[in-house]
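In: model this:
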Amino acid sequence: MQLIHIDTASPKPPRTAVLIIYTGGTFGMVSEPQADGGESLVPFEFGHILEKIPELAHLECMLTVVSIEPLIDSANASPAHWAQIAQLIELHYADYDGFVVLHGTDTMAYSASALSFMLEGLRKPVVFTGAQLPIGTVRNDARRNFLTAIEVASAKRPDGSALVPEVCIFFDRYLLRGNRAQKVEADHFNAFESRNYPPLAFAGIKIEYQEAYVHQELSSKSLSVQLTMSENIALLKLFPGFSPTILEATLAIPGLQALVLETYGAGNVPTNPALIAALAQGLDKGVVVVNISQCVGGAVKQGLYQTSQHLVELGVWSGYDLTPEAALTKLMYLLAKDYSPSDRKVLFATSLRGELTNE
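Out: Here you go, the predicted structure:
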């Protein structure tokens, strides 16, 4: 993969260095005339980014761009792409103060959650961002999101350490913890929310950091990257009229290791005997079942109502206030490691990267 250095021609020497990892998505599209007289959106050449964002010349930052190959629509993102991003960060970790990942919005929360677990011992910013409108359009959110993400990736404390040493998402005006964010909007610029955890920063006239909420890696280990993620996981969402046969068939999938079940409210499920029997059968086979609320705010509280008491008795794991994206990727991460079932259960209920509020 070729590194493209962006010559900003700034009169001031760079104080920081940021690696921009371009994966594809709406951000990097420009209109190109077609033979039929119309126009279509095509990826633009990042070597000419100063033409689109001349403000980059005012940053006291050395910028380098690398693209994954091939570029993808984020709807096609997979664990293999997460591994590509993680490998690039690992390869260039010593040479840069921070990293900006340009990514499509549809699966950005999944990718940010996954990278938060895969990058063990991270002490530098990894800022995911993108856009709802392409950079090639006259009115867009790409420019502001990109510039602010670079500022966040460059931000340091007086002692020289990174101000936000974790995986996060910057979008619109908010810097959110990556494994706490969810995409909630398709038509407006405020595409992401973090209902169960405060923003790490607000970007107004200046960037106001809330340092008390920033995750700090407590272990002394240096960066270590886990590239393997288990893909033997399913996710189901309950709804009125949900057939137990769907659950039974899912839990019977050969090789299935875990199921994330999106339930009602504080973790409630129908008291349908056939549904409970299907759950019990899957759990008896060793499939891990995790209870996640469909609500974007609040948390699962198994046993609070009668409709969740039987889940406690069966041995279903509570996901408490994890997002579905964080629950899924955390399971993918833990199941790929050589842990005992009891250790996995303890670690799942423990906040590893700030993804979970301890009950």
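In: what about the helices in the stretch 51-200 of the chain?
Out: 79-92, 108-118, 142-154 (DSSP state H, counting those that start in this stretch).
In: Tell me where the stretch 251-359 of the chain has strands.
Out: 258-263, 288-293, 317-318 (DSSP state E, counting those that start in this stretch).
In: so what secondary structure elements neighbour the shortest one?
Out: Applying 3 or more CB pairs under 8 Å, 6 or more residues apart in numbering; DSSP states H and E, one finds that strand 317-318 contacts strand 288-293. For the C-beta atoms, the positions are set from N, CA and C on the backbone; glycine is no exception.
In: List the residues that contact the closest residue to L322 other than its chain neighbours.
Out: Residue nearest to L322 in three dimensions, not counting chain neighbours: L356, with 5.6 Å by CB to CB, 6 or more residues apart in numbering. Counting by CB atoms under 8 Å, 6 or more residues apart in numbering, L356 makes contact with Y320, D321, L322, A326, A349, T350.
In: export those to a markdown table and tack on neighbour count and distance to Q210?
Out: Formatted as a markdown table, these follow (neighbours: other CB atoms under 10 Å; distance: CB to CB, whole Å):
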| residue | neighbour count | distance to Q210 |
| --- | --- | --- |
| Y320 | 23 | 22 |
| D321 | 23 | 19 |
| L322 | 29 | 21 |
| A326 | 29 | 20 |
| A349 | 14 | 26 |
| T350 | 10 | 23 |
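In: What is the nearest of these to Y197?
Out: Nearest to Y197, judged by CB to CB, of these is D321 at 8.3 Å.
In: Distance of P14 relative to Y22?
Out: According to CB to CB, to the nearest Å, P14 stands 20 Å off from Y22.
In: For these two, indicate the residue with more neighbours.
Out: A direct count of neighbours by other CB atoms under 10 Å for P14 and Y22 places Y22 higher, at 20 against 15.
In: so that one touches L102, yeah?
Out: Yes: using CB atoms under 8 Å, Y22 is in contact with L102, at 4.7 Å.
In: Low-confidence stretches in the protein?
Out: Scanning the chain for pLDDT under 70 picks out 1, 7-12, 28-48, 50-51, 136-138, 359.
In: 80 instead?
Out: The chain contains residues with pLDDT under 80 at 1-2, 4-14, 25-58, 132-140, 142, 218-220, 305-307, 358-359.
In: Can you tell me which of the helices of the stretch 51-200 of the chain is packed in deepest?
Out: helix 108-118 (a mean of 27; mean count of other CB atoms under 10 Å).
In: now that one against helix 79-92, angle please.
Out: Angle between the axes of helix 108-118 and helix 79-92 is 50 degrees (criterion: axes from the mean of the first three to the mean of the last three CA atoms, to 10 degrees).
In: Ramachandran angles for the closest residue to A277 other than its chain neighbours?
Out: Distance criterion CB to CB, 6+ apart; nearest residue to A277, sequence neighbours excluded, is P244 at 7.5 Å. Backbone torsions for P244, taken as degrees, to the nearest 10, come to phi -60, psi -20.
In: Check I21 too.
Out: phi -110, psi 110.
In: what is it paired to in the beta sheet?
Out: V66, V101 (DSSP bridges).
In: how near is it to D338?
Out: Noted for I21: a distance of 29 Å to D338, by CB to CB.
In: what does I276 give?
Out: I276 is 32 Å from D338, by CB to CB.
In: The two: which has the busier surroundings?
Out: Neighbour totals were compared for I276 and D338, and I276 leads with 18 against 5 (other CB under 10 Å).
In: isn't H310 right up against P273?
Out: No: H310 is beyond contact range of P273, at 10.0 Å (criterion: CB under 8 Å).
In: coming back round to it: hmm, the residue nearest to A277 is touching Q281, no?
Out: No: in this structure, P244 is not within contact of Q281 by CB under 8 Å, at 10.5 Å.
In: roughly how far apart are D97 and K206?
Out: According to CB to CB, D97 stands 20 Å off from K206.
In: repeat for F27
Out: 24 Å.
In: and the two? which has more neighbours close in?
Out: More neighbours surround F27 than the other of F27 and K206, with 27 against 9 (other CB under 10 Å).
In: list the contacts for that one?
Out: If you count contacts by CB under 8 Å, 6+ apart, F27 has them with L102, G104, T129, G130, A131, P134, I135, A142, N145, F146.
In: 7 Å - rerun?
Out: Counting by CB atoms under 7 Å, 6 or more residues apart in numbering, F27 touches L102, G130, A131, P134, I135, A142.
In: now those residues in TSV, with distance to S219?
Out: What follows is these, written out as TSV (distance: CB to CB, whole Å):
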residue	distance to S219
L102	29
G130	30
A131	35
P134	40
I135	38
A142	36
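In: how is the protein carved up into domains?
Out: Per automatic domain parsing, the structural domains of the chain span 4-225, 233-348.
In: Apart from its chain neighbours, what residue comes closest to the residue nearest the centre of the chain?
Out: Geometric centre of the chain, nearest residue: A112, 2.0 Å, by CA atoms, centre = their mean. Among residues not flanking A112 along the chain, G178 sits closest, at 3.0 Å (CB to CB, 6+ apart).
In: burial count for the one you found?
Out: 33.
In: Test my guess that it contacts T129.
Out: No: using CB atoms under 7 Å, G178 is not in contact with T129, being 10.9 Å away.
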